[in-house]
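>>> With the sequence up front, the predicted model follows.
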Protein chains: 2
Amino acid sequence: MAKTLVKRRSRDPSATRDKLLNAAFEEIYRRGFQAASLDTILAKAGVTKGALYHHFPDKAALGYAVVDEVVKGLLLKRWGVLEPATGDPVSALQQVLRGRAAGLTTREVELGCPLNNLAQEMSPLDRQFRKAVNATFDIWIDAVARDLERGQTDGTVRRDVDAPKIAAFVVASIEGSFGLAKGAQSAAMLRSNLEVLSSFLESLRPA
Amino acid sequence: MAKTLVKRRSRDPSATRDKLLNAAFEEIYRRGFQAASLDTILAKAGVTKGALYHHFPDKAALGYAVVDEVVKGLLLKRWGVLEPATGDPVSALQQVLRGRAAGLTTREVELGCPLNNLAQEMSPLDRQFRKAVNATFDIWIDAVARDLERGQTDGTVRRDVDAPKIAAFVVASIEGSFGLAKGAQSAAMLRSNLEVLSSFLESLRPA
DNA sequence: TGTCCTACATACCGTTTGGTATGTATAATA
DNA sequence: TATTATACATACCAAACGGTATGTAGGACA
């Protein structure tokens, strides 16, 4: 018996922490951070207040952890930032857009982008929140910018475009599209916007 | 003495209502609707709870009124929707973008677009909120779409573009740009994004 | 002038909130 | 085996919340 390896620990702090993070993410995603109820999070996680305040000093710290350990990874994975860039960047970006447009869930359309939700709600209210959220956006934007710059050296992207500026605009357009579609509760509008963005990307190719 | 015209009425219901709406707008703009405190709003408006609940049945109704009677007009005015369209639409839109970029306030960069804030926070939570917010977005999008269509008949806009789709994308990009800039607290990023959007609009002109 | 409805002001209420104090069982360590 | 720190569970708290009940002053109208 590999008891020491497989043993059912009646106390598993990291598992408890994960349950808290996941439950908090769900609640925050649905209601926003400020309106997220700790009691609801605890009920969903199946633990008590003692566990929460053992792992996190306060509600804000739980929120920061949700950004750094849940939302950040989710976003970077969904937008292909974690995978190594290959081929010409315009086509690669277009493919990511198509993939996202094809795989949209109702939940995603209704609730929008969790990172953008937190950015809009918390940026003016909490400096630490703003920094955590913004750091993640910067990673995304920088990744797009570097892809475009690589395309410029490879000759697949026009040399007269300002790659960092375009990258920021691409991310802004994506988030704006999700936001508008969230208000309209329309996956069709979201897909349409992503298509327009895709056609804009096409204009970045050399003439 | 034009007493009946200029008289200081100790009771002025519509003025009281306006004070409530303006104070509520400020508080909601800063903290979001859910976190907006009625007591704070009342203090800012200089009235009491009795006045509030005389004019509005509950907090939600106050929020709806803020959208319909404050935010809506503000947004449509700022983006030139209320002024009659003239000249070629691409140039007109670019001019609005330049004007907005030039006239940005710190407050606007930090707090973002009040309509978009409410859209992101309340759309999944309150159907009536969502409808009020979305109706205003639709007015804006439709206005842009009609401008573009007019340009198409005038020959200043390419005929192969889908005007309503482009219009939605333009609004999405603008809101996304404000949102990203709000997170980054950067007027420069906002201006940069609006410039990229302006260059995109340029591509709508006939070859 | 008397009446009556509007337009508030004041005081209060139950609920929910984030947070804390305290007790206790587990499990590594000495 | 005894000790001790970790990892919780339970019970509780003050403050803030949205909302209500009740009282009252202003002003149009009769």
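Received, thanks.

>>> what about stretch A:194-207, near chain B?
Yes: if you take C-beta under 8 Å from any C-beta of the partner chain as the test, stretch A:194-207 does meet chain B, through A:Glu195, A:Val196, A:Leu197, A:Phe200, A:Ser203. The C-beta positions use only the backbone N, C-alpha and C, and glycine is treated the same way.

>>> Quick one: name the residues of chain A near DNA strand C.
Contact residues, chain A versus DNA strand C (C-beta under 7 Å from any atom of the strand): A:9-11, A:36-40, A:49-50, A:53, A:58-60.

>>> a markdown table for these, including secondary structure?
Converted to a markdown table, those look like this (DSSP: H, G, I helix; E, B strand; the rest coil):
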| residue | secondary structure |
| --- | --- |
| A:Arg9 | coil |
| A:Ser10 | coil |
| A:Arg11 | coil |
| A:Ala36 | coil |
| A:Ser37 | coil |
| A:Leu38 | helix |
| A:Asp39 | helix |
| A:Thr40 | helix |
| A:Lys49 | helix |
| A:Gly50 | helix |
| A:Tyr53 | helix |
| A:Asp58 | coil |
| A:Lys59 | helix |
| A:Ala60 | helix |
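
>>> pLDDT added to these, as JSON lines?
JSON lines is the format used below for those (pLDDT from 0 to 100):
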{"residue": "A:Arg9", "pLDDT": "57"}
{"residue": "A:Ser10", "pLDDT": "72"}
{"residue": "A:Arg11", "pLDDT": "79"}
{"residue": "A:Ala36", "pLDDT": "98"}
{"residue": "A:Ser37", "pLDDT": "98"}
{"residue": "A:Leu38", "pLDDT": "98"}
{"residue": "A:Asp39", "pLDDT": "98"}
{"residue": "A:Thr40", "pLDDT": "98"}
{"residue": "A:Lys49", "pLDDT": "98"}
{"residue": "A:Gly50", "pLDDT": "97"}
{"residue": "A:Tyr53", "pLDDT": "98"}
{"residue": "A:Asp58", "pLDDT": "98"}
{"residue": "A:Lys59", "pLDDT": "98"}
{"residue": "A:Ala60", "pLDDT": "98"}
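
>>> any idea which of those residues has the most stuff around it?
For the residues of chain A next to DNA strand C, the largest number of neighbours (other C-beta atoms under 10 Å in any protein chain shown) sits with A:Ala36, at 21 neighbours.

>>> dump the residue contacts of that one.
Residues near A:Ala36 by C-beta atoms under 8 Å, 6 or more residues apart in numbering or on different chains: A:Ala24, A:Glu27, A:Ile28, A:Arg30.

>>> could I get those as TSV with distance to chain B, pLDDT and neighbour count?
Converted to TSV, the contacts of A:Ala36 look like this (distance: C-beta to the nearest C-beta, whole Å; pLDDT from 0 to 100; neighbours: other C-beta atoms under 10 Å in any protein chain shown):
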residue	distance to chain B	pLDDT	neighbour count
A:Ala24	17	98	26
A:Glu27	13	98	23
A:Ile28	12	98	25
A:Arg30	7	98	17
